[in-house]
Every structure is written in structure tokens, then in C-alpha cells.
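Peer 1: no letters, just coordinates:
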């Protein structure tokens, strides 16, 4: 009996163990939020808040235990003639932003590139919180009939009342953000308010085949209070910035996102992760962040208001100038001594750029506009070209006598120099006459080069686009990219070689032969340059050949 009882107990225990192991559902773990008694038994000791650097308060950080329940995210779609956008209730950030510019071009990549929304944090301490808000509408349509539309966002944050109004316009890539924060409490509140925009710092490590250049920011730029624009062209070495200024942005040669405060009390802020681009780093991908930031202190019952213009679009000079961002186009400058303050090239590039756009509005083709500009520049400098060619021909006529002097006085350089200068004076020839007129043309040629190299208008602009064969454009379907057939750079090299052969030479014949090598070097250099630049150079060569032919006609008649 005892054996049977013991066996029954053992069998029941075995059945219970097998059931618990294989058949019973797993008992879910109780989350920390559902254990108030255990938390009450072990009160947490608050950790001291880290001291923030000047630029750290822009980074949004969600607190571990929010005092207020966050409402679910809502989205509002904005349809405008120049772009499509999606605005999130999380801080009013742009969840999506796609330009309607020469195709569809997304300027926001979730998690990698875009704004963080309205961020509010304490005046002292690290981090801030993206403010959740309610949207006044789920769709906003901006049309020529309704050129200005508003989207209102309202919410609360730790007792503060927040209102943000986004204004969209039909004829602009700029969005105006009007933020108002009220303190209804009986105690003063010291705040840090920021509108950040971020991008990854390691874009360079990825192949850009699936992106266009607007999704590949290459620089951070900002304008100081006196209008001086600084370009930092290395996102892996973003200098910490917290200063007054007119605007701050990030972008590439042709596209940008910029934040421009409209009022006092804002700082321009930039920061990056110094270790983000280290090849040996094992940390997550770092971000480069820009922001406009204000740090007001609100007395009880007081309200703070701030206005910021958000620009997301191509660097078209007229549109940038309309919102005060024309300095974002980098025309470069001559490398002059630092104490001189640099020599900006805007005064050369801007007039040519405006003239090119004016010509385009009348002819409807940027390729034709480039040709006409080149023709106009050649006509304007034709008198100088004639003077230069005549001086070079006079030097060429004296070449035999100069060579004779070299052979006669090759052991006496000083006497050779005196005899040569006497020969020039006797025949009234200026040895610099062939160079000085050409030097006067350099600014115009360089201005054309600058205007064509930074002009976003040339992107996807066709010249003689025949079509596509096996996925390849035939012939020039994008003046901003290289000629895929390489016909244009080869034609440029041929015309340059012909021009070089026709140019009078007055020096050593061996030096003239060396000059004939230059067309081959230039052809190699121009293979991958934008087709617009190669077109300008080719047309310039053709016109130079025509001028040389025209000037040689009187001599040909005299010989006949």
C-alpha cells in the first residue's frame, strides 16, 4: 500500500513537471510600470544632471519616465506647386519633403537626414524633448488661387502652452515657423528652445547611386551677423558653433536646408561627433547637427514668441535672395593673403549667372544660352584679341633675329637682354602686348566658369538630347553632368589643337611643340567635367579659330 501511494505521488509530480515544462504557457514578465509596490519599496536616488556644452541642448532626448502621456503621432500632408511635404505632430517636423524640381527629389530621409522638430528643454542641462502637438488639419493644399496656407499646431509641455504656426507659400521653398510659448504657472521658467536639422556624418562611405546630391550634404555653412559666410566642407570635422548670425544651413553644391531666425535672441548652433568618421570606431553612426536656438526665461503669465524661416530647396539665386540666403552659393575666392580678408568671386559670378538666366528666359534652352554668352564675351573682347594677335605676329616676325642674337651672345646673358630690348624698341614691339589683352579677358572667362559650375539650373537641363539607348543618354541630356558619349570633350580637344596650331609662336620651336601637348592634357581633364563647362570651352575655341581665320585674310590677299 505504501509502495502504491509513493508511486502515485511520484507519477503526479512527474505529470506536473512535464505539464509545466512542455504544455503550460509561459508566464509573462511584469513590466516595471506594473510594479508600483516594488518601486515604492526601493526609492531611486536621482542622478546629477550632466553639464551641457553650448551646443548640446539642441539634441532631442525622450525622458525615461515622461510626466505626461504622449499622444499618438498624427500627420498632415502638404501639397504645393514646388514640393510635397508631410508634417508630423511630433514637434511639427517635416517627416517627408520632396522637391518638384527637375523630377522628384526627396530632401528628408527618416533617421538619416532631416529636422527633429520643435525641441524644448531646461536652460541648464543636457538634451531636450520633442514637443508632441495637435494638428489643425490633415491636409493643406497650396495653389495659385490660395498662394498662402497655414497649419497650426498646439500642445502643452510640462505646464507650458505651445502654439506653432507653419506658413506655406506657392512661389517659395521657404516655410515660416512662428512659435509662441506661454507660461501660465506662478513660477518663472528658464527654457532652451531649438529647431534642429541633422544629417549623417559618414555619407562618404556609401555609393550615391540611389541618391541625388541634395541627399548627400557635403558642408555646413552659416552667415555671421556682418554677412560673412563660412563654408565648412568636411562633415567629419564639424567645429562646435554657438554664436550670433543671420542663418545656418547644410547642403551640397546645388541643394541646401537652411534655418534663418527672424528676430533677436537666437543663436546659430552646430555640433558633430568627433569619432563618427573614425575608421576604427565601433560606436553607432554619428550625426552632424545644426540648429537655431533661443534661451528665454518666462516670468509667470509671460509669453515668448520667435520666428524662423526654414528653406529646403535648390540653390537658385533669385529664390535664395528673396529670403536672404544668396550667400549660400559658393563662388569661391582667390587665395590672397589672410590679412586682406580674402577676395570673394561673387562680384564676378553673380552678374554672369543672372545674365545666363535672363537669356534662358528668352531662348528656353540653357545650352543655347551658354553659346550666346560665349559669343557676346568674344565680341566684347574682339578689339583686345586683335591687338594681342598682332603683337604675337610681330614677335613671330622678329623670331629669326632674336634667335640669331641668342646664338651670338649665348655666353653673355646681360648683353643678350640689352640687344633684345633694343630690337623690340627699334621695331616698336611690346613683348607683353600679346599677354596683357588676354589678361583683361580672364575675369570674364573665370566668371563664366564660376556661374556654370555652381548653377543648379543646369541640372537635368538638356541641350541636344536625342534620347536613351541601352539606358544611356544620347547626346547631352544633362548639362550639369559629363557627356556620357565623351564626344563633346573630344571635340573640345580637337578644336583646341587646331587653335594651338594657328596661334603665332615667337619663341623656341621646341616650346611650340610642347604647347601642342596641352590639348591632349585638357581633353583628359575635361572628360568628366559638366557638359555645360565643356560646351562653353568648345564654343570659345571655335570662335577663336574663326577670329584667327578672319585676321589672316588680309595677309592671304597680300600674298596673292
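Peer 2: Received, thanks. Remember, predicted model here, so these are calculated numbers, not experimental data.
Peer 1: go through this protein and flag its longest helix.
Peer 2: Longest helix of the chain, by residue count under DSSP state H: helix 531-559.
Peer 1: check which residues of that helix are buried.
Peer 2: Residues 531-545, 547-548 are the ones in helix 531-559 that count as buried (16 or more other CB atoms under 10 Å). (Glycine included, C-beta is placed from N, CA and C.)
Peer 1: output the below-cut-off pLDDT ranges for the stretch 451-560 of the chain.
Peer 2: 467-473, 504-513, 553-560 (pLDDT under 70).
Peer 1: for it, what spans make up the strands?
Peer 2: 464-469, 472-476 (DSSP state E, counting those that start in this stretch).
Peer 1: now do the same contact list for the nearest residue to residue 146 once chain neighbours are set aside.
Peer 2: Nearest non-adjacent residue to residue 146, counting by CB to CB, 6 or more residues apart in numbering: residue 170, 7.7 Å away. Listed by CB atoms under 8 Å, 6 or more residues apart in numbering, the contact set of residue 170 reads 80-82, 142-144, 146-148.
Peer 1: could you rerun that using 7 Å?
Peer 2: 80-81, 142-144, 147 (CB atoms under 7 Å, 6 or more residues apart in numbering).
Peer 1: next, format these as JSON lines and append neighbour count and secondary structure.
Peer 2: Output for these, formatted as JSON lines (neighbours: other CB atoms under 10 Å; DSSP: H, G, I helix; E, B strand; the rest coil):
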{"residue": "80", "neighbour count": "21", "secondary structure": "coil"}
{"residue": "81", "neighbour count": "13", "secondary structure": "coil"}
{"residue": "142", "neighbour count": "22", "secondary structure": "coil"}
{"residue": "143", "neighbour count": "11", "secondary structure": "coil"}
{"residue": "144", "neighbour count": "8", "secondary structure": "coil"}
{"residue": "147", "neighbour count": "14", "secondary structure": "coil"}
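Peer 1: and of those, the nearest to residue 413?
Peer 2: Compare each of the contacts of residue 170 with residue 413 using CB to CB and the shortest gap goes to residue 81, at 71.3 Å.
Peer 1: skipping its backbone neighbours, what lies nearest the closest one in space?
Peer 2: In space, residue 81 is closest to residue 170, 5.3 Å off (CB to CB, 6+ apart).
Peer 1: state the distance from the one you found to residue 115.
Peer 2: Counting by CB to CB, to the nearest Å, the gap from residue 170 to residue 115 is 22 Å.
Peer 1: mind checking pLDDT for the residue nearest the centre of the chain?
Peer 2: Centrality entry for the chain: nearest residue to the mean C-alpha point is residue 252, 2.0 Å, by CA atoms, centre = their mean. Predicted confidence (pLDDT) for residue 252: 87.
Peer 1: do you know how far it is from residue 387?
Peer 2: When distance is defined by CB to CB, residue 252 is 43 Å away from residue 387.
Peer 1: okay, domains of the protein per the record?
Peer 2: Domain ranges of the chain: 56-61+72-330, 349-559, per automatic domain parsing.
Peer 1: any stretches of the stretch 151-300 of the chain with poor pLDDT?
Peer 2: The stretch 151-300 of the chain contains residues with pLDDT under 70 at 203-215, 276, 278-285.
Peer 1: where along it do the strands fall?
Peer 2: For the stretch 151-300 of the chain, the strands defined by DSSP E, counting those that start in this stretch cover 160-169, 174-182, 189-200, 219-223, 229-232, 241-243, 247-251, 255-261, 266-271, 287-294, 297-298.
Peer 1: coming back round to it: buried deepest among the domains of the chain, which one?
Peer 2: domain 56-61+72-330 (a mean of 18; mean count of other CB atoms under 10 Å).
Peer 1: quick one: distance of it to the chain centre.
Peer 2: Its chain's C-alpha centre and that of domain 56-61+72-330 lie 15 Å apart, by CA atoms, centre = their mean, to the nearest Å.
Peer 1: right, so of the strands of the stretch 151-300 of the chain, which gets closest to residue 415?
Peer 2: Closest among the strands of the stretch 151-300 of the chain, using CB to CB: strand 229-232, at 53.4 Å.
Peer 1: what does the closest one rub up against?
Peer 2: 219-223, 238-239, 327, 330.
Peer 1: before we move on, the earlier item: ok, the residue nearest to the centre of the chain to residue 330 distance?
Peer 2: Distance, residue 252 to residue 330, using CB to CB: 10 Å.
Peer 1: next up, identify which helix or strand the residue nearest to residue 419 when sequence neighbours are not counted is on.
Peer 2: The spatially closest residue to residue 419, leaving aside those adjacent along the chain, is residue 405, at 5.1 Å (CB to CB, 6+ apart). With elements taken from DSSP states H and E, the one containing residue 405 is helix 399-408.
Peer 1: so what secondary structure elements neighbour the following helix or strand past that helix?
Peer 2: Downstream of helix 399-408, the first helix or strand assigned by DSSP H and E is helix 413-426. Helix 413-426 sits against helix 399-408, with contacts defined as 3 or more CB pairs under 7 Å, 6 or more residues apart in numbering; DSSP states H and E.
Peer 1: got the angle for the helix it packs on vs helix 413-426?
Peer 2: Per axes from the mean of the first three to the mean of the last three CA atoms, to 10 degrees, the angle that helix 399-408 makes with helix 413-426 is 160 degrees.
Peer 1: contacts for helix 399-408 next, please.
Peer 2: So helix 399-408 is contacted by 416, 419-420, 423, 506 (CB under 7 Å, 6+ apart).
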